[in-house]
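Student: what's the 3D shape of this:
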Amino acid sequence: MYEIVRYEGGVYKNNIFKEWIEDIGGFVIQEHVMQLDVYMTLAIPQNELENIKKEAKKYKGKIIETPLAGTEIAVVAPSLSRHHLPHTACDISEYLRRFGAKPNMIGLARGVGRDIAQLREKEKRLIEEHDLAVYVMGNFEDCIKNKTHLFDVDIPVVVTGGPENIDIPYPYVGNLGRRSHRLRHGEEIRALRKMVDVITELINERRKELSYDPPIVPPVVVKDEIEKQVDEVYNILSPMPIVTQLDGLRVKLDYDDYADKLKDVKVKNYKLEDIADIKRSEMKNYILIKIKPKSEVEFEMHRNKSSNH
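Tutor: Residues are numbered from 1 along each chain as shown. As a prediction, the model looks like this:
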């Protein structure tokens, strides 16, 4: 398994450091060079964590552990109107980024109104493409309790809102309701920190579940192969052309034009279409790749061999 960490350092001997990362079997997931500073997101084998910390010191850099790295999180607001976005959605997104997550903000089409709020089927599918959903709710306890049907999705959910405690059947973090200012005060930062702790716990549980029957190839390896074999990835203007998830990836290329090309990508001894479900994403017609578990791929290969004989 790979550990994803963030590196902050200078451009001094940066190429030598990158070569060292490749030598130990790691990958550079994302790199930003800002004048003389370098920020990199790295995937490294778990047993190399201490070594990379020592190595980074040689180049006057530091390694920051990012508990949510390699995850894609949906930050869901009941709507994108001025009624719902004085909520803390932007600050929550920004705070999740600091811990390595890739947040996407989603505003529901019909999330308004205590009695009439509903979740569309398409929105449900879009939210379920992520690893976890954070619902950013308001200050009224009664309103949150009456909208719990919006949280009914097949991925882990964390609900945030104004009241300190609410009796709902989902993990809840209080003191994060509507605000007319940015979250800067001590109690607000503490609430954000608590939210990250709750999310980290849920993500670690999911990682543990996946470790019993892991994806046949780690998503970072698939990402690396796609970048080597599909040149069009470099024409994508988005800051993260390929987003890794716990059990797959989102590739920001058009499904109709590039799905067949991605199916033929060679990963180790497999073709990508044999070890993953390649689907049309609900987000901008992107390509969603969900890597199959090891047991499923081995079973299918065994069955194919039997039928050939």
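Student: Could you report the pLDDT at D23?
Tutor: pLDDT, D23: 91.
Student: Please apply the same query to E187.
Tutor: For E187, pLDDT reads 80.
Student: Which strand or helix spans it?
Tutor: helix 186-212 (DSSP states H and E).
Student: and the residue nearest to K145 when sequence neighbours are not counted, how many neighbours?
Tutor: Leaving aside its sequence neighbours, K145 sits nearest to I168 (CB to CB, 6 or more residues apart in numbering; 6.3 Å). C-betas here are computed from N, CA, C, even on glycine. Using other CB atoms under 10 Å, I168 is surrounded by 16 other residues.
Student: One more: the one 10 residues further on?
Tutor: Burial of R178 is recorded as 17 neighbouring residues (other CB under 10 Å).
Student: thought it was touching T160?
Tutor: No: the pair R178 and T160 does not pass the contact test of CB atoms under 8 Å, sitting 11.2 Å apart.
Student: any common contacting residues for those two?
Tutor: Common contacts of R178 and T160 (CB atoms under 8 Å, 6 or more residues apart in numbering): T88.
Student: ok, back up a step: which residues does the residue nearest to K145 contact?
Tutor: Contacts of I168 (CB under 8 Å, 6+ apart): I144, K145, T148, F151, V159.
Student: so what pLDDT did it get?
Tutor: 90.
Student: for the most centrally placed residue in the chain, phi and psi?
Tutor: Centroid-nearest residue in the chain: E72, 1.7 Å away (criterion: CA atoms, centre = their mean). Here is the backbone geometry of E72 (degrees, to the nearest 10): phi -120, psi 120.
Student: Got phi/psi on the residue nearest to K145?
Tutor: The phi/psi pair for I168 (degrees, to the nearest 10) is phi -130, psi 160.
Student: in terms of contact, does L210 touch G248 like I think?
Tutor: No: in this structure, L210 is not within contact of G248 by CB under 8 Å, at 10.9 Å.
Student: Could you say which helix or strand holds V220?
Tutor: helix 219-229.
Student: buried ones in stretch 246-262?
Tutor: Buried positions in stretch 246-262, judged by neighbour count with 16 or more other CB atoms under 10 Å: 246-253, 255, 258-259, 261-262.
Student: cool, and stretch 159-170?
Tutor: In stretch 159-170, counting by 16+ other CB under 10 Å, buried: V159, T160, G161, G162, P163, I166, I168.
Student: so of those, which ones are in strands?
Tutor: V159, T160 (DSSP state E).
Student: give the contact list for the nearest residue to G162 once chain neighbours are set aside.
Tutor: Distance criterion CB to CB, 6+ apart; nearest residue to G162, sequence neighbours excluded, is G177 at 2.3 Å. G177 is in contact with H87, T88, M137, G138, N139, G161, G162, P163, counting by CB under 8 Å, 6+ apart.
Student: So what's the residue count around the residue nearest to the second one when sequence neighbours are not counted?
Tutor: Going back to what we said before, that points to T88. With CB to CB, 6+ apart as the criterion, T88 has its nearest non-adjacent residue at 5.2 Å, and that residue is L176. Neighbour count of L176, defined by other CB under 10 Å: 27.
Student: now L176: how far from I189?
Tutor: 11 Å (CB to CB, to the nearest Å).
Student: Now do the shared contacts for those two.
Tutor: Common neighbours of L176 and I189 (CB under 8 Å, 6+ apart) are L183.
Student: The closest residue to K268 other than its chain neighbours: what secondary structure?
Tutor: Leaving aside its sequence neighbours, K268 sits nearest to V217 (CB to CB, 6+ apart; 6.2 Å). V217 carries the three-state label coil when classified by DSSP: H, G, I helix; E, B strand; the rest coil.
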